Each structure stands twice: as structure tokens, then as C-alpha cells.
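>>> the following comprises the amino acid sequence and a computationally predicted model.
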Amino acid sequence: MPRDIVLLFATRAVRLLAYGALSVTLALYLAALGLTERQIGLLLTLTLLGDTAVSLWLTTRADRFGRRRTLVVGALLMVAAGVVFALCDNFLVLLIAATIGVISPSGNEVGPFLSIEQAALSQVVADRNRTAALAWYTLAGSLATATGSLAGGLLVDALRLAAVAPLTSYRVNVAGYALMGVALVAIFSRLSPAAEAARVPSGPGARRFGLARSQGVVLRLSALFALDAFGGGFVIQALAAYWFYVRFDVRPSVLGGIFFAANLLAGLSALLAARLATRFGLVKTMVFTHLPSNVLLVLVPLMPNLPLAIAVLLLRFSISQMDVPTRQSYVMAVVPADERSAAAGITGVARTTGAALAPLVAGVLLAHAATLDLIFYLAGGLKIVYDLLLYRGFLKIRPPEETSFPLQKRP
């Protein structure tokens, strides 16, 4: 395996480890600073909106500026955000840091990293192996997020047992996030020139956001991905953890254990997704694994006790992420090779934008006991609509490796 592939898998693991650890206690940390639920929702929204702007600006310039340089810049922004969050308790300063820096309240990817890395991975593997490679890449991230979620919760509880104040214990977790960003800077700096995109002359139509021939399909996919992410934004890991804390008075260490198991199951499901996609196609795999997971999401708040709520959540996570490697592979497959970085960046930004808007509404819902459970109902319902629209609009647009499927031959 080329060294650059190993390094990209390593950066994925380090990054998601930091994201997972932070997401479990971020909302609790902000509440301990004295922020209200509405302020927390606004802060999380601006965090994701800021990440969106950063991602769009960096990913659409990455191939010209240099992928390695772009990734290093993203890691430095991650360090900056972590340092400010760890040292400051002023709401306005936190808003600025959340908007400009790179910080993940969801435990999922933010910033320019994912788009650039998946474009690099896709160009070094054959079409028939692309989905499998991205599935292993997804698994690496899910395992790291799971480990980070568990470690973040255990660290906070261990510090509390050592008589450390809750606010200080949360702050230590945030400082660890900044240190992980420093590690990313070091690893990204070791990428070789082979990781850079090939220089392709851009035509007149490729001057805006790096797209030409694929503009139509990328814009349509982006709209759908934004809808899906908007639904998912109601139950990002930080908000879901806060819901469990308010509804069932769950300790941070237990929250860490819940999301460790959830992310572990999600990562393992990615490998099965690659096999299903080989047999049934990318779009069908995306839709028919995502639909039942969203039904389960709606059922979580209907459970009468904590064990049942956890069981349904874990069952949902066991199939919820099968669409991740298939979605990434599909985008890489249906656009020209020289437009992959831009396509990944734009669809990624669409997802981040959709996810950014939801916490603002979710913060209001979480502030009242009567509307606490609505975050799950809205999330599941919107994501079901996305599945149906995706199936209707893209079933007939097939990647190159699927043209020989017996059930999907061209007329």
C-alpha cells in the first residue's frame, strides 16, 4: 500500500478520534460555561456554517493551491478553534472562533479534509475497488469516532473522581482536541507529491467552483444531500448526547459508551455496504439501507426507558451509515476525474450547510420538555423524504462499474 494511503487513513483516524471525544461533552461544556440552550444551538449552527464556508473556499482551490498545503491549513484552523474554546468563556469570542475555525459538534467530518482525501483515494484505485476502499476508509473513521466518544466520556468522569470541577474536566477534553490538530499538521506535512491532483487545463465552464461537465448532476445531488443533512442535524451526536442527559440523566461516561457502540456498529456496517453495492448497485444500497434506519430513529423517543432507547439507537446505527461509502463512491463515479475534488467539496458543503441550520431549531426544541422529542421525529421524517427523492431521481444514472449488471442493462 502506498505510503500516502497509509497517511490518509492515519489522518482520518486521528481527526475522527478528536471529533468523537469532543462531541460527547461539547454541549455539556457550553452549558457549564453558562450558555443557554438557544445560545448553544446558535453556536453549533455558526460552527457548522463557518466550517461550510471554509470547506467551500479551500476544496474548490485545493487542486491549484496544493492538496497537502490545503490539508495543513485546515488542521491549523482546527488547532486555533480548539485553543480558543479551551481558553475563553466569552460568548462573542466563541462565536467568532466557531465561525472561522474548524470544530466538530457532531462527531462527523467537518472542514476540507474529507473531500480532498476521498478524491485522492479514488484516483489511485480501480473503479471496481473504489467503494470497498471508501468503505474501509469509513470504517477507520467510525472506529476512531467510537473510540474518541468512549475516551472523552471516561476522561471527564475520571477527572471528576479526582475532584476536578466539571467545567475544568470538560475544558481538558477541548484542549485535547487542539492537540490532535497539531498531530494532523505533522502527518499532513509528510504527504508526498504523488497525493497532488494532476494539472488539468480548465475550460470556460470550469472556472466556477471547479466544475464543468458535472455541474447539473452535482447541483442536484447537493440539494438532496443538504436535505438529508438538515434532517440529521437535529440529532448530531452532541445534541443526541444532550437529549439522553436531559431525558434520562445519563452520566458522561455512559454517554461515551453509548456512542462508542453506535459508531462501532456504524463503521462495521460500511463493509457490508460495499458487498451489497456490488450486487444491487450504489443507489439501491443507499436507499434501502437508509430507509429502515430512519424509521428506527423516529422510534427512539417512543421508548419508555433508557435500555430500550439505547437498543433502538444502536440498531439504527448498525445500518445507518451504509450509505456513506456508497454515497461517496457514487459522487466520485458520476463526475469526471478532474472534477472530483470540486464535486466532493461542493456536495460536502451542501451537507454541512444543511446540518448547520438544524441545531438552531433543535436548540429551541431542547429548551422545552414538551418539544424535547421532536428532534428525532423531524430528523427521521426529513431523511425518509430524501431517500425517496434520491431513488426517484438517480436510479437510472449508473456508475461505470454497474453497466454490466443484468438488471440494469441499457435498453
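Yep, that arrived.
>>> CA atoms for contacts and neighbours, from now on please.
Will do.
>>> what about the helix or strand where Trp243 lies, distance to the chain center?
Assigned by DSSP states H and E, Trp243 belongs to helix 237-248. How far helix 237-248 lies from its chain's middle: 18 Å, per Cα atoms, centre = their mean, to the nearest Å.
>>> any buried residues in the very next helix or strand once past that helix, and which?
Later in the chain than helix 237-248, the nearest helix or strand by DSSP H and E is helix 252-280. Neighbour-count burial for helix 252-280, counted by 16 or more other Cα atoms under 10 Å, picks out 252-271, 273-274, 276-278.
>>> where does pLDDT dip in the stretch 151-300 of the chain?
Residue ranges of the stretch 151-300 of the chain with pLDDT under 70: 198-208, 210.
>>> likewise for the stretch 301-411 of the chain?
Using pLDDT under 70, the flagged stretches of the stretch 301-411 of the chain are 403-411.
>>> what ranges do the helices span in it?
306-320, 323-333, 340-366, 374-394 (DSSP state H, counting those that start in this stretch).
>>> the last one versus helix 237-248: what angle between them?
The one in question is helix 374-394. 140 degrees (axes from the mean of the first three to the mean of the last three Cα atoms, to 10 degrees).
>>> so what touches helix 374-394?
For helix 374-394, contacts defined as Cα atoms under 8 Å, 6 or more residues apart in numbering pick out 224-225, 227-235, 283-284, 287, 290-291, 294-298, 300-301, 362, 365-366.
>>> change it to 7 Å
With Cα atoms under 7 Å, 6 or more residues apart in numbering as the test, helix 374-394 has contacts from 224, 227-228, 231-232, 234-235, 283, 287, 291, 294-295, 297-298, 301, 362.
>>> just to revisit the earlier point, CA atoms of the helix holding Trp243 as PDB?
Extracted in PDB, the C-alpha atoms of helix 237-248 (Å, rounded to 0.1, in the frame of the first residue of the first chain):
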ATOM      1  CA  GLN A 237     -24.000  13.500  18.400                       C
ATOM      2  CA  ALA A 238     -23.600  16.500  20.600                       C
ATOM      3  CA  LEU A 239     -27.400  17.100  20.600                       C
ATOM      4  CA  ALA A 240     -28.300  13.400  20.900                       C
ATOM      5  CA  ALA A 241     -25.900  13.100  23.900                       C
ATOM      6  CA  TYR A 242     -27.600  16.200  25.500                       C
ATOM      7  CA  TRP A 243     -31.100  14.600  24.900                       C
ATOM      8  CA  PHE A 244     -30.000  11.500  26.700                       C
ATOM      9  CA  TYR A 245     -28.600  13.600  29.500                       C
ATOM     10  CA  VAL A 246     -31.800  15.600  29.900                       C
ATOM     11  CA  ARG A 247     -34.300  12.800  29.400                       C
ATOM     12  CA  PHE A 248     -32.600  10.000  31.400                       C
END
